[in-house]
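Student: Sharing a sequence plus its predicted fold:
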Amino acid sequence: MAEIQLKSLAHSYEKSPTGAHDYALREMNHVWDQGGAYALLGPSGCGKSTLLNIISGLLTPSEGEVLFDGVVVNHLPPQQRNIAQVFQFPVIYDSMTVFDNLAFPLRNMKIAEAKVMSKVHEIAEILELHPVLNKKAKNLSADEKQKVSMGRGLVRDDVSAILFDEPLTVIDPQLKWKLRRKLKQIHEQFNLTMIYVTHDQLEASTFAEKIAVMYGGQIVQFGTPRELFENPNHTFVGYFIGSPGMNLLEVQTTANGVSFDGIEIELSDARKAMLAKVPSKNIKVGIRPEFVHVWDKPSENGYECEVQHVEDLGTYKILTMKLGQQIIKARLDEDHAVPQQKAYISFPEQWLKIYVDEYLIGEELV
Ligand SMILES: Nc1ncnc2c1ncn2[C@@H]1O[C@H](COP(=O)(O)OP(=O)(O)OP(=O)(O)O)[C@@H](O)[C@H]1O
């Protein structure tokens, strides 16, 4: 078991990188504590697999260090890192039985057959693979194959961490939740450091205690699912987490607060003073659709919007509106009156976030 630390880690696939755009991973410092259940969440191409492959040793970073329990492992090949990696597609031997597949890593290490027997049965029990132990792997269903793949990582006592690279992609949606629950159970039972890569926020938040959100080769925020929802540190986290994501409005500062398309949002004196000191013109305000106040009749302090679309999702509705040239989304509970052509909205200041150059500022002033 291990704490995994990334120290000034960066990676470029180019031989002679000329600038930030040549880096798949930009310089990062990060610690994954021993025994934690983590998710690495981000869109396609943000660098998730690159990072995972660097941790497991399949890829050597072009800059910086990877440390396990304080020891630099950059030079160690994957076999010596005691890391199990579970990929999108199951890695198993089709012609072997499930038992032999699970036993393989142990027999490779010349473990006594009696120990192999007991360990394989223990893991088969947890993964509910007992009924198929004597079946050839090629005759298994996709989810059974993936369970065998996971089992091959779990049988070893010396595993420091398990890295999962989108392991449920090829699994039927109905079985996904079952396997996810299994993974959680395994985490609790074995106290292993687990890092689970996904681009699916639901998968990330049901598996992990803490999520690292990656964007453009960087970890832009590391926090609990709740922290990412309530306090997105970066506009990308606001946009990517939540359903739908955060409303983000490009604004200019004014004497009373900020404005866009001639519409003014008043801010507290403390926030105005803070913005007055900001040299950047890249200012955005963000508000989650859950926190936009909506009325179906004119209300004092309400901005009049044009209703564009109402999407009924059973227990709630998503209202899409146009305010100035901006599209605003609001999430309405089942029993909330649904405005027809016009809606009147307000942005409660305690839920307004201010981003300068895409990063959150001034939370201490709220
Ligand atoms: N072997 C490689 N050679 C050159 N560039 C690569 C290589 N592998 C990945 N890249 C580039 O590095 C960046 C990060 O890719 P990576 O596969 O790590 O992202 P990802 O977040 O895992 O994406 P996905 O979810 O699609 O797998 C991308 O721009 C990709 O094109």
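Tutor: Cool, the structure landed.
Student: Contact partners for the residue in the stretch 51-200 of the chain that the ligand sits nearest to?
Tutor: Using CB to the nearest ligand atom, residue 199 is the residue of the stretch 51-200 of the chain that sits closest to the ligand, at 5.6 Å. Where you see a C-beta, it was placed from the backbone N, CA and C, and this is true even at glycine. Neighbouring residues of residue 199 by CB atoms under 8 Å, 6 or more residues apart in numbering: 41, 42, 43, 44, 48, 166.
Student: Report the distance from stretch 68-77 to the chain centre.
Tutor: 25 Å (CA atoms, centre = their mean, to the nearest Å).
Student: Can you name the residues that contact residue 172?
Tutor: So residue 172 contacts 142, 143 (CB under 8 Å, 6+ apart).
Student: ok, 10 Å please
Tutor: Residues near residue 172 by CB atoms under 10 Å, 6 or more residues apart in numbering: 141, 142, 143, 178, 179.
Student: Next to the ligand, which bits of the stretch 51-200 of the chain? Give me the list.
Tutor: Taking CB under 6 Å from any ligand atom as the contact definition, the stretch 51-200 of the chain meets the ligand at residue 199.
Student: Run through the helices of the stretch 51-200 of the chain in chain order.
Tutor: Using DSSP state H, counting those that start in this stretch, the helices of the stretch 51-200 of the chain run over 98-108, 113-126, 142-154, 173-190.
Student: Relative to residue 358, how far out is residue 244?
Tutor: With the distance defined as CB to CB, to the nearest Å, residue 244 ends up 19 Å from residue 358.
Student: Quick check: nearest residue in space to the residue nearest in space to the middle of the chain, chain neighbours excluded?
Tutor: With distances taken as CA atoms, centre = their mean, the chain has residue 41 as the residue nearest its mean C-alpha position (2.4 Å). Nearest residue to residue 41, sequence neighbours excluded (CB to CB, 6 or more residues apart in numbering): residue 204, at 4.3 Å.
Student: what is the rounded mean pLDDT of the helix or strand harbouring the one you found?
Tutor: Element membership of residue 204, judged by DSSP states H and E, is helix 201-207. On average, the pLDDT along helix 201-207 is 90.
Student: what's the distance between it and the middle of its chain?
Tutor: Put simply, helix 201-207 sits 7 Å off its chain's centre (CA atoms, centre = their mean).
Student: Tell me the helices and strands packed up against that helix.
Tutor: strand 37-41, helix 173-190, strand 193-198, strand 210-215, helix 225-230 (3 or more CB pairs under 10 Å, 6 or more residues apart in numbering; DSSP states H and E).
Student: Neighbours of the closest residue in space to residue 308 that isn't next to it in sequence, how many?
Tutor: In this structure, residue 308 finds its nearest non-sequential neighbour in residue 320, 4.6 Å apart by CB to CB, 6+ apart. Counted by other CB atoms under 10 Å, the residues lying close to residue 320 total 18.
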